[in-house]
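Asker: Please work out how this folds:
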Amino acid sequence: MGGSVFGPVDIVPAGGDYSKSRAPRSGTAPSAPCRRVRGAPLSLSLMDPTMSDALSPNIAYLKPSETVAISAETKRRRAAGEDIVDMSVGEPDFNTPRAVAEAAVKAIEKGMTRYPPNIGIAELRAALARDVSLMSRGVAINPDQIVISNGSKQSIFNACFTLFGPKDKVLIPAPAWVSYPQIVSLCRAEPVLVHGDPEWGLKVSVKELEQKTDKLVKGLILCSPCNPTGATYSATEIRAIAEWAKKHDVWIIADEIYRRIYYGDGPAPSFMDLPEELRQKVVLIYGASKAYAMTGWRIGAAYAPMPIAKAMAAFQSHTTTGANHPAQWAAATAFSDEKVEQEVTKMVAAFRRRRDRVVERFRAEAPGVEFVEPTGAFYFFFRVDGTTPERNYTGSAFCDAAMAAGVALVPGAAFGDDRWVRMSYAVSDKELETACDRLLALIRKLGAQAPAASGAR
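Answerer: Numbering: from 1, shown residues only. Okay, here's the model as predicted:
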């Protein structure tokens, strides 16, 4: 019960590079810009010094996923009888639509249980191509340029491993999903965090990208709608970033896994909405996990220029050799069935209602707490460093206190800035009210609220 539930996390100072926060290869103490957060033990092989010589340099900088670790700790506490509302997990609380599940059962009954095509079954790739095309005003999408993988995380890894290597730099707008820097490091490239402006919903502009750009920058990983902030890049912002990338000959990995969970009109703006000349060095990441409540089915996809798609497929043929066969038939139904589409619309409406409720309560009951206005995904990202009289509270400390109060959250340290905390509102309405009651009571208990901020509200 005692101690922090969070594993060791490298804190990246605002405006700093992720590379400066990583432990040196020699095994000596971290460099000065790095501060460590106390936490639960890592796996034995990463913790036990007697095992250090046995580890490959390939994972010299590897850290376990903080979000996975927090989720596991929350499940352990709940199994032990603790009353914890889990707001840490980035997955819908809804069941997979019935038509999708039935499609998987039918596939199994028909014997679709042998090795699938490495790049994915034709039916799923065609359904995905139609879906993306419809979302982007009929843009032509070639199914042969789609590679199906075991979740969008593998799709991102395939793209990074295919495109980046030693001496390359990859820019990552921060706060950023925990796995982006880790994946880039596994490719022996250097992840460089580009911190967004709170006045602009923590999004980055071309100005911030230019400040980090040099001749070694080869890639940019951009998530919109964004995990962890819930912010969404507008069509104008996406075009400006695409023009910057073309100017500097930079590859864009566009993680649009949350595109359907958007609170504006239609799907969120996309790089696929741009003219072809601005999409020539774009790899689109998509999948079934979030909008279709299929996180456990592990179906992701990458759409890339043909040479890159072929290279990713070749790489995948030596790792996983394709994704789960029955799950692919389920996903093909998800992307093409009208009844499923109606279920998605209902789920997005529920997320919007919950978003509205969280924003309403924080504005009314914690008016001094700064937060990013969520326009997509299902995350609420709020700032906690000003919630104590000393005004130096960390997200990790706040999450420890929240866990003690019965709410599991993810500290901003996991995403590159420990002044903030991420809440997932993909929970039932009842759980959401309970969690808000407990969190707002905790903020009051801490004794102070941050002064009102105009930009990120």
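
Asker: use CA for all of it now, contacts and neighbours both
Answerer: Will do.

Asker: surely residue 443 meets residue 387?
Answerer: Yes: Residue 443 lies in contact with residue 387 (C-alpha atoms under 8 Å); the separation is 6.4 Å.

Asker: Settle it for me: which of the two has more neighbours?
Answerer: A direct count of neighbours by other C-alpha atoms under 10 Å for residue 443 and residue 387 places residue 387 higher, at 25 against 21.

Asker: wait, that one sits on residue 445?
Answerer: No: if you go by C-alpha under 8 Å, residue 387 and residue 445 don't touch, sitting 9.2 Å apart.

Asker: Going along the chain, name the helices of the stretch 151-300 of the chain.
Answerer: Taking DSSP state H, counting those that start in this stretch as the criterion, the stretch 151-300 of the chain carries its helices at 152-163, 179-186, 206-212, 235-248.

Asker: Let's have the ones you listed in a markdown table, adding mean neighbour count.
Answerer: Listed next are these as a markdown table, based on neighbours: other C-alpha atoms under 10 Å:
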| stretch | mean neighbour count |
| --- | --- |
| helix 152-163 | 22 |
| helix 179-186 | 23 |
| helix 206-212 | 14 |
| helix 235-248 | 17 |
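
Asker: wait, which of these is closest to residue 286?
Answerer: helix 152-163 (6.3 Å; C-alpha to C-alpha).

Asker: same question for the closest one, mean pLDDT?
Answerer: Averaged across helix 152-163, pLDDT comes to 98.

Asker: quick one: contacts of it?
Answerer: 147-149, 183-184, 187, 253, 255, 257, 283, 285-287, 298-302, 308, 311-312, 315-316 (C-alpha atoms under 8 Å, 6 or more residues apart in numbering).

Asker: same check, this time on stretch 397-414
Answerer: For stretch 397-414, using C-alpha under 8 Å, 6+ apart, the contacting residues are 4-5, 9-12, 66-67, 70, 74, 82-88, 175, 177-178, 384, 395-396, 418-424, 435, 438-439, 442.

Asker: neighbours of residue 290, just the number please.
Answerer: Neighbour count for residue 290, taken as other C-alpha under 10 Å: 20.

Asker: quick one: contacts for it?
Answerer: 91, 92, 257, 258.

Asker: quick one: which two of those are the most distant?
Answerer: 92 and 257 (12.9 Å).

Asker: Who are the contact partners of residue 278?
Answerer: Taking C-alpha under 8 Å, 6+ apart, we find residue 278 in contact with 242, 243, 246.

Asker: Look at it and report its pLDDT.
Answerer: On pLDDT, residue 278 comes in at 98.

Asker: now swap in residue 57 and tell me
Answerer: Predicted confidence (pLDDT) for residue 57: 86.

Asker: ok, it to residue 186 distance?
Answerer: 9 Å (C-alpha to C-alpha, to the nearest Å).

Asker: Now do the contacts for residue 235.
Answerer: Contacts of residue 235 (C-alpha under 8 Å, 6+ apart): 269, 270.

Asker: I'd like the distance between it and residue 271.
Answerer: 8 Å.

Asker: again with residue 256
Answerer: Applying C-alpha to C-alpha to residue 256 and residue 271 gives a distance of 9 Å.

Asker: anything in contact with each of these two?
Answerer: Residues touching both residue 256 and residue 271 by C-alpha under 8 Å, 6+ apart: residue 284.

Asker: so where's the stretch 51-200 of the chain shaky on pLDDT?
Answerer: For the stretch 51-200 of the chain, the stretches flagged by pLDDT under 70 are 51-52.

Asker: From residue 59, how far off is residue 53?
Answerer: According to C-alpha to C-alpha, residue 53 stands 12 Å off from residue 59.

Asker: Looking at the two, which one has more neighbours?
Answerer: Using other C-alpha under 10 Å, the more surrounded residue of residue 53 and residue 59 is residue 59, with 14 against 8.

Asker: CA atoms only: put stretch 115-124 into CSV for me.
Answerer: The C-alpha trace of stretch 115-124 is given here as CSV (Å, rounded to 0.1, in the frame of the first residue of the first chain):
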residue,chain,number,x,y,z
TYR,A,115,-2.0,-17.8,-41.2
PRO,A,116,-3.5,-14.7,-42.8
PRO,A,117,-1.8,-12.8,-45.6
ASN,A,118,1.2,-10.9,-44.1
ILE,A,119,-0.1,-7.5,-45.2
GLY,A,120,-3.7,-8.2,-44.1
ILE,A,121,-6.7,-9.8,-45.7
ALA,A,122,-7.9,-8.0,-48.9
GLU,A,123,-11.4,-7.5,-47.4
LEU,A,124,-10.1,-5.5,-44.5
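
Asker: in that stretch, what's buried?
Answerer: 116, 118, 119, 120, 121, 122, 123, 124 (16 or more other C-alpha atoms under 10 Å).

Asker: Spatially, which two of the residues you listed are the most separated?
Answerer: Distance extremes for the buried residues of stretch 115-124: the farthest pair is 118 and 123 at 13.5 Å, using C-alpha to C-alpha.

Asker: Would you map the strands across the stretch 51-200 of the chain?
Answerer: Using DSSP state E, counting those that start in this stretch, the strands of the stretch 51-200 of the chain run over residues 85-86, 146-149, 169-174, 190-195.

Asker: now for those strands, which one comes closest to residue 430?
Answerer: When these are ranked by proximity to residue 430 (C-alpha to C-alpha), strand 85-86 comes first, at 10.1 Å.

Asker: Direction included, what does the closest one pair against?
Answerer: Strand 85-86 has the following sheet partners, assigned by DSSP bridges: strand 407-408 (parallel).
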